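**Student:** Only the shape, not the letters, is given here:
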């Protein structure tokens, strides 16, 4: 099965274009690349060494991919947003930052390697591909996850490394060292070793 043949590739977009269309996208595999010029729509993320992140969001079906974002908790005013739009907002809030603190370590990696404030001849382009209309809603998320994995794998095969911000996700432990479960696990391990000795 060729995963990409089950996707509608929307193409490569600037931040402004993404914001304009993001509320119409309910699930997608997407990628960020820091390049001098916009790629052609037929070009995939793994074709560019400066693709620094490949991700996925939403996708199960329309109702699961929309939420109400309350802007003012006192009045209840707000707007409906897709998970894709919310994810793009989070990414760009961190990618555009000129501060020392980021929501996650992976954004700091981007700033340290690419120095976007000093590379004004380059900009971030976003690749977006969505499931074709004939894909069942129960299979959409699986398809997107599979496409994300295929793109990351193809990138790794071509450049013998992971996209920069995916590398940080791969290395991050899912465990929190100070959590109760970690503490219990350490006590259990120590007790088991002492009983063995």
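**Tutor:** It's in. In this text the structure is predicted, and so the values were computed from the model without any measurement.

**Student:** Quick one: residues contacting residue 57.
**Tutor:** Shown in contact with residue 57 (C-beta atoms under 8 Å, 6 or more residues apart in numbering): 27-28, 30, 83-84, 87. In this view, the C-beta of every residue, glycine as well, is placed from N, C-alpha and C.

**Student:** An error on my part: the question was meant for residue 24.
**Tutor:** residue 82.

**Student:** quick one, phi/psi of it?
**Tutor:** phi -100, psi 0 (degrees, to the nearest 10).

**Student:** Show me which positions of the helix or strand encompassing residue 85 end up buried.
**Tutor:** Assigned by DSSP states H and E, residue 85 belongs to helix 83-95. Using 16 or more other C-beta atoms under 10 Å as the test for burial, helix 83-95 gives 83-88, 91-92, 94-95.

**Student:** Please apply the same query to stretch 110-130.
**Tutor:** Quick answer for stretch 110-130 (16+ other C-beta under 10 Å): 110-111, 114, 116, 122, 124-130.

**Student:** Can you add distance to residue 164 and give these back as JSON lines?
**Tutor:** Shown next, in JSON lines, are the buried residues of stretch 110-130 (distance: C-beta to C-beta, whole Å):
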{"residue": "110", "distance to residue 164": "6"}
{"residue": "111", "distance to residue 164": "11"}
{"residue": "114", "distance to residue 164": "8"}
{"residue": "116", "distance to residue 164": "13"}
{"residue": "122", "distance to residue 164": "14"}
{"residue": "124", "distance to residue 164": "13"}
{"residue": "125", "distance to residue 164": "15"}
{"residue": "126", "distance to residue 164": "15"}
{"residue": "127", "distance to residue 164": "15"}
{"residue": "128", "distance to residue 164": "19"}
{"residue": "129", "distance to residue 164": "20"}
{"residue": "130", "distance to residue 164": "24"}
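
**Student:** Can you tell me which of those is nearest residue 43?
**Tutor:** residue 127 (8.3 Å; C-beta to C-beta).

**Student:** which element follows the helix or strand residue 11 falls within toward the C-terminus?
**Tutor:** Here residue 11 sits within strand 7-13, counting by DSSP H and E. Following strand 7-13 in sequence order, the next helix or strand is helix 15-21 (DSSP H and E).

**Student:** Give me the helices and strands touching the helix of greatest length in the chain, please.
**Tutor:** If each helix of the chain is counted by residues according to DSSP state H, the longest one is helix 137-159. The helices and strands touching helix 137-159, judged by 3 or more C-beta pairs under 8 Å, 6 or more residues apart in numbering; DSSP states H and E, are strand 27-35, strand 51-58, strand 123-131.
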